[in-house]
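Chemist: No letters, just coordinates:
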């Protein structure tokens, strides 16, 4: 069952009773009789120039990433709710005329990726990342315009204060989920004097400026029973979580978050349960998903996770988070005649090379997957066997 969205505005009476900070717009999905819900999350999309140039060629001039995603698209769509992150700006056509597509260090990514992800079953995208305001607040606003054009729910970046104060609460299978998304870095853009101050006031959920307790209270007033927080944090290329991540995770757990999903380091880090000092409950925390699609290579940067967990409601109404599982993915890159590359995101856990994959590429993919599996085995998540189609 995939989510089908229907956004409800607050009743006029509630608008009168609540201040602006109390605005909430629950999103309802069908099949409210379900008592078990699977949330699935894919790693970071970091669209370097070689990747979007390949997409442009694949689409005959119009960027098309669907072929890159096709090997894993069905699996992404099989969850009840699927989320992912794209680093940088995904601007409108008008924005791209002023700021053409570009990769590192300032990402201007084709907006067509949004609709490609929606076709794969992605239900929401997170916008709070270190590249969110690579092109200042105007770039983030243009990303949001592209999201709205594609009818893609989003979180972590906002064009208006009212949008920021609208609680992201989704009724999925009869269980109400509240979502948060923070980044602890903006690549020093927060220190640029010419930056519109509203970008930090409400534009992007930047960790030094957020009020976690107020955000959680807003979600709970809107009916949230499970709080999931997506964090963009950590030190790049480190395979173990740093003290800053561990401290922030504890702060989130103590504030009442039930699940924490991290990204940004470009490599996979383990999942574990941490204990809330406030409630004593166990909080699921995956420190880093790794990359899902990028042109970064070697040392684990060309592999990542699709991670999921299950939320159930028992006959007494108690809600439980359980069964954290993962599959390892790999960005299979091949050279094209005449220059450039083709990219495909594939499952690493396959018993033979994909059609056209060299023995060396297959051996490398499996070696990288085994390193990640060993790392994940030190935590609480279990490997899920999903064999890619050849």
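Modeler: Cool, the structure landed. Keep in mind that this is a model prediction, so the values were computed, not measured.

Chemist: Does anything pack onto the strand ranked longest in the chain? Which helices or strands?
Modeler: The longest strand of the chain (DSSP state E) is strand 319-335. Here strand 319-335 touches strand 268-275, strand 282-289, strand 291-293, strand 303-313, strand 341-347, helix 359-377, strand 382-383, going by 3 or more CB pairs under 8 Å, 6 or more residues apart in numbering; DSSP states H and E. (C-beta placed from N, C-alpha, C; glycine too.)

Chemist: and the gap between residue 275 and residue 67?
Modeler: As judged by CB to CB, to the nearest Å, residue 275 and residue 67 stand 44 Å apart.

Chemist: try residue 173
Modeler: Distance from residue 173 to residue 67, by CB to CB: 32 Å.

Chemist: Over to residue 259?
Modeler: Distance, residue 259 to residue 67, using CB to CB: 32 Å.

Chemist: And for residue 363?
Modeler: Residue 363 sits 24 Å away from residue 67, taking CB to CB as the criterion.

Chemist: Please apply the same query to residue 60.
Modeler: Taking CB to CB, one finds residue 60 at 12 Å from residue 67.

Chemist: secondary structure element for the spatially most central residue of the chain?
Modeler: By CA atoms, centre = their mean, the chain has its centre lying nearest to residue 84, at 2.7 Å. Element membership of residue 84 [criterion: DSSP states H and E] is strand 81-86.

Chemist: Next, the buried residues of that strand.
Modeler: Within strand 81-86, the residues that qualify as buried are 81, 82, 83, 84, 85, 86, counting by 16 or more other CB atoms under 10 Å.

Chemist: of those residues, closest to residue 318?
Modeler: Nearest to residue 318 among those is residue 81, at 20.6 Å by CB to CB.

Chemist: Quick one: residues contacting residue 68.
Modeler: Neighbour list for residue 68: 51, 54, 55, 58, 293, 343, 344, 345 [criterion: CB atoms under 8 Å, 6 or more residues apart in numbering].

Chemist: let me redo that: residue 49
Modeler: 101, 102, 103, 295.

Chemist: For those residues, which single residue is the most surrounded?
Modeler: Within the contacts of residue 49, most neighbours by other CB atoms under 10 Å means residue 295, with 22 neighbours.

Chemist: Excluding residues flanking it in the chain, which one is nearest it?
Modeler: Distance criterion CB to CB, 6 or more residues apart in numbering; nearest residue to residue 295, sequence neighbours excluded, is residue 48 at 3.8 Å.

Chemist: Counting neighbours, what do you get for residue 344?
Modeler: 20.

Chemist: Isn't it up against residue 71?
Modeler: Yes - the criterion here is CB atoms under 8 Å, and residue 344 meets it with residue 71 at 5.7 Å.

Chemist: which neighbours do the two share?
Modeler: Shared contacts of residue 344 and residue 71, defined by CB under 8 Å, 6+ apart, are found at residue 354.

Chemist: Taking strand 303-313 as reference, get the angle to the helix or strand where residue 74 lies.
Modeler: Secondary structure from DSSP H and E places residue 74 in helix 66-77. Comparing the axes of helix 66-77 and strand 303-313 via axes from the mean of the first three to the mean of the last three CA atoms, to 10 degrees yields an angle of 30 degrees.

Chemist: Can you report phi and psi for residue 267?
Modeler: Main-chain torsions, residue 267, degrees, to the nearest 10: phi -140, psi 160.

Chemist: Three-state assignment for the closest residue to it other than its chain neighbours, please.
Modeler: Of all residues not flanking residue 267 in the chain, residue 300 sits nearest, at 4.2 Å (CB to CB, 6+ apart). Taken by DSSP: H, G, I helix; E, B strand; the rest coil, the conformation at residue 300 corresponds to coil.

Chemist: can you pull the buried residues of stretch 239-248?
Modeler: Buried, per 16+ other CB under 10 Å, within stretch 239-248: 239, 240, 241, 245, 246, 248.

Chemist: rewinding a little: same question for the longest strand of the chain: list its buried residues.
Modeler: Residues 321, 323, 324, 325, 326, 327, 328, 329, 330, 331, 332, 333 are the ones in strand 319-335 that count as buried (16+ other CB under 10 Å).

Chemist: Could you pull up the mean pLDDT of it?
Modeler: For strand 319-335, mean pLDDT is 97.

Chemist: Next: stretch 55-74.
Modeler: 97.

Chemist: Can you check the pLDDT for residue 9?
Modeler: Looking at residue 9, its pLDDT is 29.

Chemist: Tell me which stretches of the stretch 1-150 of the chain form strands.
Modeler: 6-7, 27-28, 36-45, 81-86, 124-126 (DSSP state E, counting those that start in this stretch).

Chemist: Tell me which strands the longest one pairs with, and in which orientation.
Modeler: Strand 36-45 has its sheet partners listed here by DSSP bridges as strand 81-86 (parallel), strand 291-293 (parallel), strand 303-313 (antiparallel).

Chemist: Please tabulate these in a markdown table, including the columns mean pLDDT.
Modeler: Shown next, in a markdown table, are the strands paired with strand 36-45 (pLDDT from 0 to 100):
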| stretch | mean pLDDT |
| --- | --- |
| strand 81-86 | 98 |
| strand 291-293 | 98 |
| strand 303-313 | 97 |
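
Chemist: So for residue 185, which of those strands sits nearest?
Modeler: The nearest among the strands paired with strand 36-45, by CB to CB, is strand 81-86 at 13.6 Å.

Chemist: what residues does the closest one touch?
Modeler: 3, 29, 37-45, 47, 76, 109, 113-114, 117, 120-127, 129, 170, 172, 177, 179, 230, 232, 261, 263, 292.
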